[in-house]
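Fold the stuff below for me.
(chains A, B, C and D)
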2 protein chains.
Amino acid sequence: MARTARDQEERIRERNRRLILKAGIDVFSRKGFDGTRIAEIAEKSGLPKANVYYYFSSKEEIYTAIVAHLIESWDDALKPITAESEPADAFRNYVRAKLEYTRRNAAESRLFASEIIHGARFLKKKDREHMRQVTDRHVEVVDGWIAAGKMMPTDARHLFIMLWAATQFYSDFEPLACDALRKSRLKAEDYEKAAETVIETLLCGILPKA
Amino acid sequence: MARTARDQEERIRERNRRLILKAGIDVFSRKGFDGTRIAEIAEKSGLPKANVYYYFSSKEEIYTAIVAHLIESWDDALKPITAESEPADAFRNYVRAKLEYTRRNAAESRLFASEIIHGARFLKKKDREHMRQVTDRHVEVVDGWIAAGKMMPTDARHLFIMLWAATQFYSDFEPLACDALRKSRLKAEDYEKAAETVIETLLCGILPKA
DNA sequence: GTCTATAGGTAGATAGAC
DNA sequence: GTCTATCTACCTATAGAC
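Okay, here's the model as predicted:
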């Protein structure tokens, strides 16, 4: 009986934390850290403001919890780059997975972009180091492909920056992407066309083969 | 005599407005719109806070003045794309000019990026329309090159998004670029290497020529 | 665990003397 | 045109009853 009651409380805690984080992603991504009001996060999550402070001791704590969580989530999207795969397949899958992920998690993506643009004030050293190491591993794989003659010699680090930039753009800078495409909103098919263009350009370039 | 005095006042006005806008770019780009304090802009420009309000009636007015101005400035960087030039030369020049511009105006670039990420709240309709038209003209040129067999068939709009994304990234997301390149700060030579990688990939792709 | 009320501090904007 | 003092509003965070 005591057992059940405690479980019940634990479930409520878990649920409320989730509600707060979800609302936080929404508000932080639209207003930025300083523009965000705890009152709005409270409202969005259906809790009184004081309850938000019961679960998180400060605005910063909510924010950093969100940032730390989304960095973890990215590791999945980056898995296609392994030494066993062929470069063309690996990059195709990478670009598709990354675009699909940012499309489905546009708010998180924007929140992170804003955090970086404003100097990565709240990005934990540990998380940055993790990202650096993931990049290092991918660079090694690409350098291996180049050494094996499977790819043209290229700077792998700049190559990954290019792919990251191109795939993030559609969600992070959606108003610009909409303007450039002359659409009022981006749909799944626009992301599909984006993937095609990025992949085709990346693999073959734009000059005629002649 | 009255003439000289008025000119003198006009010069002072011009100078102070400039000082405020310059300080504004610095602070807004680091802290975002809501994170920025007028007191800090005043301090940076060497004026008392009340004087800032003498020249601009609100925080928003300073901010929108900055945004409107930097959109104009970009037109120059985009000039290399004209129908008379060859695609390879045009893109080479475009990428170089754009990277050079963002490197030299990193703060403005970040300010604009932050504005877009947070929904382009303060971007004037007129300015957006101007940007759309510039894109349209460039798309026409590229489509012409494709029709003339000077380029592989590609979606020109997505192609420009890709170039814009890749060239903005180094200044806008400098902390990420530094991490990816394993450098503590970006120098001119890093932008040079970026230009090479982007141009080479764009023109020829990464697959071996067989 | 939940919630009302409020303390405490800060920042945008203005009044008004010089 | 310049600047000090201040008004007003709002927001983070907490106290303390239930």
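
Tell me the secondary structure at the most centrally placed residue in chain A.
In chain A, the C-alpha closest to the average C-alpha coordinate belongs to A:Ser109, at a distance of 4.3 Å (Cα atoms, centre = their mean). Classification of A:Ser109 using DSSP: H, G, I helix; E, B strand; the rest coil returns helix.

I'd like the distance between it and DNA strand C.
Taking Cβ to the nearest atom of the strand, to the nearest Å as the measure, A:Ser109 falls 28 Å from DNA strand C. To be clear about C-beta, it is placed using only N, CA and C from the backbone, and glycine gets the same treatment.

repeat for A:His158
Counting by Cβ to the nearest atom of the strand, the gap between A:His158 and DNA strand C amounts to 38 Å.

Nearest spatial neighbour of that residue, chain-adjacent residues omitted?
Among residues not flanking A:His158 along the chain, B:Thr197 sits closest, at 3.8 Å (Cβ to Cβ, 6 or more residues apart in numbering or on different chains).

and the helix or strand encompassing that neighbour, C-alpha only, in CSV?
Per DSSP states H and E, B:Thr197 falls inside helix B:188-204. Only the C-alpha atoms of helix B:188-204 are listed here, as CSV (Å, rounded to 0.1, in the frame of the first residue of the first chain):
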residue,chain,number,x,y,z
ALA,B,188,41.2,33.9,-41.9
GLU,B,189,42.9,30.7,-43.1
ASP,B,190,40.1,28.6,-41.7
TYR,B,191,37.6,30.6,-43.7
GLU,B,192,39.9,30.1,-46.7
LYS,B,193,39.9,26.3,-46.2
ALA,B,194,36.1,26.4,-45.8
ALA,B,195,35.8,28.2,-49.1
GLU,B,196,38.0,25.6,-50.8
THR,B,197,36.0,22.7,-49.4
VAL,B,198,32.6,24.2,-50.2
ILE,B,199,33.6,25.2,-53.8
GLU,B,200,35.3,21.9,-54.6
THR,B,201,32.4,19.9,-53.3
LEU,B,202,29.8,22.0,-54.9
LEU,B,203,31.5,21.9,-58.3
CYS,B,204,32.8,18.3,-58.5
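
Let me see the mean pLDDT of it.
Helix B:188-204 carries an average pLDDT of 98.

Give me the buried positions along that helix.
B:190-191, B:194-204 (16 or more other Cβ atoms under 10 Å in any protein chain shown).

Quickly find the element holding the residue of chain A found nearest DNA strand C.
Nearest to DNA strand C, among the residues of chain A, is A:Ala50, at 3.1 Å (Cβ to the nearest atom of the strand). A:Ala50 is part of helix A:49-55 when elements are defined by DSSP H and E.

And for that helix, what's in contact with it?
Helix A:49-55 is contacted from outside by A:13, A:16-17, A:20, A:38-39, A:41-42, A:45, A:62, using Cβ atoms under 8 Å, 6 or more residues apart in numbering or on different chains.

switch the cut-off to 6 Å
The contact list for helix A:49-55 (Cβ atoms under 6 Å, 6 or more residues apart in numbering or on different chains) reads A:16-17, A:20, A:38-39, A:42.

Quick one: mean pLDDT over it.
On average, helix A:49-55 scores 98.

With just CA atoms, put it into PDB.
C-alpha atoms of helix A:49-55 as PDB (Å, rounded to 0.1, in the frame of the first residue of the first chain):
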ATOM      1  CA  LYS A  49       4.100  28.800 -11.400                       C
ATOM      2  CA  ALA A  50       5.100  27.800  -7.900                       C
ATOM      3  CA  ASN A  51       4.900  24.100  -9.000                       C
ATOM      4  CA  VAL A  52       7.400  24.700 -11.700                       C
ATOM      5  CA  TYR A  53       9.800  25.900  -9.000                       C
ATOM      6  CA  TYR A  54       9.000  22.800  -7.000                       C
ATOM      7  CA  TYR A  55      10.400  20.600  -9.800                       C
END
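
on that earlier part again, among the contacts of helix A:49-55, name the buried ones.
Burial by neighbour count, judged by 16+ other Cβ under 10 Å, picks out A:16, A:20, A:38, A:42 from the contacts of helix A:49-55.

Give me the nearest residue to the last one, chain neighbours excluded.
Taking Cβ to Cβ, 6+ apart, and ignoring the residues beside it in sequence, A:Ala42 has A:Lys49 as its nearest neighbour in space, at 4.2 Å.

what's the distance between that neighbour and A:Lys126?
30 Å (Cβ to Cβ, to the nearest Å).

which of these two has more neighbours?
With neighbours defined as other Cβ atoms under 10 Å in any protein chain shown, A:Lys49 and A:Lys126 compare such that A:Lys49 has more, 14 against 9.

and chain A, which residues reach chain B?
Counting by Cβ under 6 Å from any Cβ of the partner chain, the residues of chain A close to chain B are A:32, A:34-35, A:110, A:113-114, A:116-118, A:120, A:132, A:135, A:151-152, A:154-155, A:157-158, A:161-162, A:165-166, A:169, A:172-173, A:175-177, A:179-181, A:194, A:197, A:203-208.

Quick one: mark the members of those residues that sit in strands.
With strands taken from DSSP state E, there is no overlap with the residues of chain A next to chain B.
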